[in-house]
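Asker: Sequence first, predicted model second:
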Amino acid sequence: MTDSSRWNAPRLAVLVAFFVNGALLAAWVSRIPSVQTTLNLSEGALGIVLLGMGTGVLVALSLTGGLIGRFGSRFVTIAGAIAMVVFLPFLALAPNAITLWIALFLFGAATSTMDVAMNDQAVLVEQRSQKPLMSSFHGSWSIGALAGAMLGAGIAGLSFGPIPHFIFASTLFFILMALVSRYLLPTEGKKEKGESMFRLPPRVVWPLGAIAFCAAIGEGAMADWSGVYLNRTFQTTVAFAALGFAAFSLTMTIGRFAGDWLAAKFNPVPVVRFGGLLAFIGIMAAIITTEPFVVLLGYAAVGLGVANVVPLSFSAAGKLSNLPAGVGIAGVATIGYAGFLAGPPLIGLIAEATSLRFAMLFVALLVGSLFFSAKAINATNSEAQFATSPSD
């Protein structure tokens, strides 16, 4: 395939899918402090509640590779998006911690299902374009997350509660996704009759999964705890607290749109290694400072640091030889996004026993470990080549 213009419409559709996924997730993240206050949840209780989303993520990830194999990534991407917009308002309607846990389980399952499927679509577009594109797709996710966070901060500043906010966000992003869904690349399921839908991550993706795990811990901490940290530790307003995730999303967006150039210019090892070090410095700055604005700068450093770790891991996993892209991506995502399962309750429980500052040290050490584990991506990356699909 030499005429890359043929893939402009599918590329735009995948960019929009990433944007919608990030915006819907950020809508929830931006209102966590408000929901915590409404339900009168302690840090420890909030951590357990957030475990619901992580559990939903992991359960769905173990099934999504099989779903893509049976129905194709186009169908699964659309189905995941519909589920996200349906379940988002229920996060604000939950009357207690138990129902919120259940709602987060469903929302997390929908989020990860759409996530893996749209990454499979991204790999297809990237292969046919024959140039690195994955970081720009994840950059679109970050733009969506930034837009969702800023929208949440603005609505919170206008004193609107989470319920009208979530209904508005669901309606808006459903319409946006509906406009481009027909341009997603058609894929056919190839699942053999009798083949199990449940799949454990293949061993070849474990090193990539470990790298993604540490990055996901950092991303999850910023998503679930950045606002709470500002609101509870520094007594900021909920509107200012929502800016924490916005600062993180802004620099992550910048980093990801530079990521394709970095991927073409440099070996992925120094990109991951430097990113882990920068994220470690950012979290440590947020821990030792007494100024909320310095915390925002620290969050910005974390966003820039972890920006390209997961995209590079997914891109390599999606192009492993003798392994379908959906299976490779789902495998890395299953291991990596376990960080979203382990992170929230651990941070909450550590904070309950000590303080949120001390809990953030746990996150800093994990993202800092990328400086040493980054070399693992190189061995796997050697198998990742941009190949045109045999069907072209």
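Answerer: Perfect, thanks for sending it.

Asker: For the stretch 101-250 of the chain, give me the ranges with low pLDDT.
Answerer: Along the stretch 101-250 of the chain, the parts satisfying pLDDT under 70 run over 188-201.

Asker: Do you have the helices of it handy? List them.
Answerer: For the stretch 101-250 of the chain, helices defined by DSSP state H, counting those that start in this stretch occupy the ranges 134-157, 162-180, 206-233, 238-257.

Asker: Generate a markdown table for the ones you listed, with mean neighbour count and distance to residue 56 as supplementary columns.
Answerer: The way it works is simple: take the backbone N, C-alpha and C, and place the C-beta from them, glycine included. Below are the helices of the stretch 101-250 of the chain laid out as a markdown table (neighbours: other C-beta atoms under 10 Å; distance: least, C-beta to C-beta, whole Å):
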| stretch | mean neighbour count | distance to residue 56 |
| --- | --- | --- |
| helix 134-157 | 24 | 19 |
| helix 162-180 | 18 | 17 |
| helix 206-233 | 25 | 13 |
| helix 238-257 | 25 | 20 |
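
Asker: how about CSV for those helices, with distance to residue 356 added?
Answerer: Written out in CSV, the entries for these read as follows (distance: least, C-beta to C-beta, whole Å):
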stretch, distance to residue 356
helix 134-157, 20
helix 162-180, 22
helix 206-233, 5
helix 238-257, 12
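
Asker: Can you say which of the ones you listed is nearest to residue 36?
Answerer: Residue 36 lies closest to helix 206-233 among the helices of the stretch 101-250 of the chain, at 6.6 Å (C-beta to C-beta).

Asker: what inclination does the closest one have with respect to helix 134-157?
Answerer: Taking axes from the mean of the first three to the mean of the last three C-alpha atoms, to 10 degrees, one finds helix 206-233 and helix 134-157 inclined to each other by 20 degrees.

Asker: can you pull the contacts of the spatially closest residue to residue 107 that is not a sequence neighbour?
Answerer: Counting by C-beta to C-beta, 6 or more residues apart in numbering, residue 87 is the residue found nearest to residue 107 once chain neighbours are left out, at 4.3 Å. Residue 87 sits next to 103, 106, 107, 110 when contact means C-beta atoms under 8 Å, 6 or more residues apart in numbering.

Asker: what number of residues lie near residue 48?
Answerer: 17 (other C-beta atoms under 10 Å).

Asker: ok and the helix or strand encompassing it relative to helix 206-233, angle-wise?
Answerer: Using DSSP states H and E, residue 48 maps to helix 43-71. Put simply, helix 43-71 runs at 140 degrees to helix 206-233, going by the same axes, to 10 degrees.

Asker: helices or strands next to helix 43-71 in the packing?
Answerer: helix 73-93, helix 97-129, helix 206-233, helix 325-336, helix 338-353 (3 or more C-beta pairs under 8 Å, 6 or more residues apart in numbering; DSSP states H and E).

Asker: what's the angle from the last one to helix 206-233?
Answerer: Here helix 338-353 points in a direction 30 degrees away from that of helix 206-233 (the same axes, to 10 degrees).

Asker: Can you tell me which helices and strands helix 338-353 packs against?
Answerer: Packing partners of helix 338-353 (3+ C-beta pairs under 8 Å, 6+ apart): helix 43-71, helix 206-233, helix 356-368.

Asker: so who does the residue lying closest to residue 309 once chain neighbours are set aside touch?
Answerer: On the basis of C-beta to C-beta, 6+ apart, the spatially nearest residue to residue 309 that is not a chain neighbour turns out to be residue 215, at 3.8 Å. Residue 215 makes contacts with 306, 309, 310, 313, 336, 339, 367, 370, as judged by C-beta under 8 Å, 6+ apart.

Asker: Now the helix or strand hosting the third one: average pLDDT?
Answerer: Residue 310 belongs to helix 309-318 when elements are defined using DSSP H and E. Per-residue pLDDT values across helix 309-318 average out to 82.

Asker: For it, name the packing helices and strands.
Answerer: helix 97-129, helix 134-157, helix 206-233, helix 259-265, helix 268-288, helix 325-336, helix 376-381.

Asker: got the angle for it vs helix 325-336?
Answerer: Following the same axes, to 10 degrees, one obtains 140 degrees for the angle between helix 309-318 and helix 325-336.

Asker: quick one: buried residues of helix 309-318?
Answerer: Within helix 309-318, the residues scored as buried using 16 or more other C-beta atoms under 10 Å are 309, 310, 311, 312, 313, 314, 315, 316, 317, 318.

Asker: any chance of these in CSV, plus distance to residue 131?
Answerer: Shown next, in CSV, are these (distance: C-beta to C-beta, whole Å):
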residue, distance to residue 131
309, 20
310, 19
311, 14
312, 15
313, 19
314, 16
315, 12
316, 15
317, 18
318, 14
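
Asker: what's the closest of these to residue 361?
Answerer: Nearest to residue 361 among the buried residues of helix 309-318: residue 309, at 19.9 Å, using C-beta to C-beta.

Asker: Report the contact partners of that closest one.
Answerer: By C-beta under 8 Å, 6+ apart, residue 309 lies in contact with 211, 212, 214, 215, 272, 275, 276, 370.

Asker: Quick check: phi and psi at residue 322.
Answerer: Here is the backbone geometry of residue 322 (degrees, to the nearest 10): phi 60, psi 30.

Asker: Next: residue 132.
Answerer: Main-chain dihedrals, residue 132, degrees, to the nearest 10: phi -60, psi 130.

Asker: Relative to residue 20, how far out is the closest residue in space to residue 223 that isn't next to it in sequence?
Answerer: Of all residues not flanking residue 223 in the chain, residue 29 sits nearest, at 4.8 Å (C-beta to C-beta, 6+ apart). Counting by C-beta to C-beta, to the nearest Å, the gap from residue 29 to residue 20 is 15 Å.

Asker: Next: residue 238.
Answerer: Distance from residue 238 to residue 20, by C-beta to C-beta: 24 Å.

Asker: Out of the helices of the stretch 101-250 of the chain, the one nearest residue 281 is which?
Answerer: Among the helices of the stretch 101-250 of the chain, helix 206-233 comes nearest to residue 281, with 12.1 Å by C-beta to C-beta.
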